[in-house]
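Undergrad: got a structure for you, letters missing:
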């Protein structure tokens, strides 16, 4: 059974906040230290796929540090986080938007 209250930040996503979302803080709150490395690996793979037409951007941001990214790159990074964290936590739900 999924604890919806604990995972609300990764189940219900406000698309307007995709640029301002701090994936590192959320991952520290939800994951154990042993889960962080698999998350980074999965994020890297998804992030690279999202930036597949801009390989130089992927090369610039391999460290997944959002502080040096443009807004659209940061949105891609946070989408990669949402996909990766769901795989690590084995949450099999679609990403639901909470836009109003």
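TA: Perfect, thanks for sending it. These figures come from a predicted structure and were not determined experimentally.
Undergrad: what about the chain, any weak spots by pLDDT?
TA: Along the chain, segments meeting pLDDT under 70 span 1, 99-100.
Undergrad: continuing past the helix or strand harbouring residue 39, what's the next helix or strand?
TA: Following DSSP states H and E, one finds residue 39 within helix 33-50. Remark: after helix 33-50, the chain's next helix or strand is helix 55-60, criterion DSSP H and E.
Undergrad: any residues touching that next one, and which ones?
TA: 47, 48, 51, 52, 68, 73 (CB atoms under 8 Å, 6 or more residues apart in numbering). Where you see a C-beta, it was placed from the backbone N, CA and C, and this is true even at glycine.
Undergrad: Could you count how many residues lie near the fifth one?
TA: What it means is residue 68. By other CB atoms under 10 Å, 10 other residues sit near residue 68.
Undergrad: how about it, what does it touch?
TA: Per CB under 8 Å, 6+ apart, neighbours of residue 68: 60, 61.
Undergrad: now with 10 Å?
TA: Counting by CB atoms under 10 Å, 6 or more residues apart in numbering, residue 68 touches 60, 61, 74.
Undergrad: Would you check how far apart the second one and residue 77 are?
TA: Between residue 61 and residue 77 the computed distance is 7 Å (CB to CB, to the nearest Å).
Undergrad: related to what we said a few turns ago, got JSON lines for the contacts of residue 68, with distance to residue 34 too?
TA: Formatted as JSON lines, the contacts of residue 68 follow (distance: CB to CB, whole Å):
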{"residue": "60", "distance to residue 34": "29"}
{"residue": "61", "distance to residue 34": "25"}
{"residue": "74", "distance to residue 34": "26"}
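Undergrad: neighbour-wise, which of these leads?
TA: Using other CB under 10 Å as the neighbour test, the contacts of residue 68 are led by residue 61, with 21 neighbours.
Undergrad: my guess is that one meets residue 47, correct?
TA: Yes: applying CB atoms under 10 Å as the test, residue 61 and residue 47 come out as touching, 7.5 Å apart.
Undergrad: what residues are shared contacts of these two?
TA: Joint contacts of residue 61 and residue 47 (CB under 10 Å, 6+ apart) are 73, 76, 77.
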